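Enquirer: This is a predicted model, with the sequence first.
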Amino acid sequence: MTERAVSRLIKNNPFVRKSLALSRQVPRAYLRFNATAEDYLRQPPALANSVPKSGTHLLLQVLQGLPATTHYGSFIASTPPLTFRERSEGNHLRLIRALAPGEICPAHLFYSDSFEVALDRLNCVHYIIYRDPRDVVVSEAHYLAEMTWWHRMHKYIKQIHDPAEQISRAILGFNSSNADFPYDYPDVAQRFSRYLGWVRNTNVFAIRYEDLIGPNLKALLGNIAVRYFERSTQSHKVEETVEAMLANINPEKSHTFREGKAGGWKKVFTERHKTQMKDVAGQLLIDLGYEKDLNW
């Protein structure tokens, strides 16, 4: 099997990815078991948290440019795709406490005071990335319908054959009181609200996806590196780290990558989509700085 074929297999098969991740858990567990408080001060873990479909893998690639850090394949999801049930607080805390020194861990982690305290106790440097909610719903509709047959939401989106209606459903969500739909998938504003506690938290480094693909990328990467080094007792060179981050960026390596552009919603939104978005998430767009009012 060629290297390209192996790469494609890993990218497209979630069970292969999970198996590879499990193989890296032994050294991770050993490191965590023997870690001291000094280890966490010297080499803090970093959480690459994100609102789903906002650039999780891009942020992970950037943070993997931090010196002496490792991604062991772990992922903290508040609602794992295979079950789409929210984890208990205890389960969340167990996953957070398992973070090893120097570990880079991606996440879709809802906000909670207790999670914030647990991360702080590990000296974890917390980053969160978010994106224009209009681009999120377009990406999520395609992702759930075409790219994730193992996701519990897949069949509910896939059975809607009209792509425009799939986007409407990603905007409006599903009625969880319906016995035929046993999961929690509310409208896009409510889904975003579960992460806003992190976005508004001054102890968390919040990143707009649009800035991470924008013209001032180097300056942003420098700030990302500085935030990490501020929490580390080791001395590091920011310039070298920024170059390593730049070298790591390759969106097409992500199994969820499609286009990755900003403003793509403008090409596919109908007037109906605009009305639906304004109704459920108009204020969210204003609060996040994507619009000044509802006249768009």
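Expert: Sure thing, it's come through.
Enquirer: which residues of the chain score low on pLDDT?
Expert: Residue ranges of the chain with pLDDT under 70: 1-23, 176-179, 252-260.
Enquirer: Just the buried residues of the longest helix seen in it, please?
Expert: For the chain, the helix reaching the highest residue count under DSSP state H is reported as helix 271-287. Applying a neighbour-count criterion of 16 or more other C-beta atoms under 10 Å, one finds 273-274, 276-277, 280-282, 284-285 buried in helix 271-287. In short, each C-beta sits where N, CA and C put it, glycine included.
Enquirer: doesn't Ala68 make contact with Gln43?
Expert: Yes - with contact defined as C-beta atoms under 8 Å, Gln43 reaches Ala68; the gap is 5.9 Å.
Enquirer: Overlap of the contact sets of those two?
Expert: Counting by C-beta atoms under 8 Å, 6 or more residues apart in numbering, the common neighbours of Gln43 and Ala68 are Gly102.
Enquirer: The two: which is more packed in?
Expert: Set Gln43 next to Ala68 and count neighbours by other C-beta atoms under 10 Å: Gln43 wins out with 24 against 11.
Enquirer: What sits closest to that one if chain neighbours are left out?
Expert: Leaving aside its sequence neighbours, Gln43 sits nearest to Gly102 (C-beta to C-beta, 6 or more residues apart in numbering; 3.9 Å).
Enquirer: sorry, back to before: format the buried residues of helix 271-287 as CSV; extra columns: distance to Glu140.
Expert: Shown next, in CSV, are these (distance: C-beta to C-beta, whole Å):
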residue, distance to Glu140
His273, 13
Lys274, 17
Gln276, 14
Met277, 13
Val280, 14
Ala281, 13
Gly282, 19
Leu284, 15
Leu285, 16
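Enquirer: Tell me which two in those are the farthest apart.
Expert: Using C-beta to C-beta, the buried residues of helix 271-287 reach their maximum pairwise distance at His273 and Leu284, which is 15.1 Å.
Enquirer: ok so, going back, tell me which of the buried residues of helix 271-287 is nearest to Asp162?
Expert: Proximity of the buried residues of helix 271-287 to Asp162 was ranked by C-beta to C-beta; the top entry is His273 with 12.2 Å.
Enquirer: for the protein, what spans make up the strands?
Expert: For the chain, strands defined by DSSP state E occupy the ranges 46-50, 76-77, 104-108, 125-130, 205-208.
Enquirer: Near Leu82, how many residues? Count them for me, please.
Expert: Neighbour number of Leu82 under other C-beta under 10 Å is 11.
Enquirer: My error: substitute Phe84 in the last question.
Expert: By the criterion of other C-beta under 10 Å, Phe84 has 16 neighbours.
Enquirer: what residues are up against it?
Expert: By C-beta under 8 Å, 6+ apart, Phe84 lies in contact with 151-153, 183-185.
Enquirer: isn't Tyr111 right next to Ile128, touching?
Expert: No - counting by C-beta under 8 Å, Ile128 is not a contact partner of Tyr111; they are 9.4 Å apart.
Enquirer: any shared contact partners between those two?
Expert: Taking C-beta under 8 Å, 6+ apart as the contact rule, Tyr111 and Ile128 both touch 195, 198.
Enquirer: Looking at those two, which one has more neighbours?
Expert: Between Tyr111 and Ile128, Ile128 has the larger neighbour count (other C-beta under 10 Å), namely 24 against 19.
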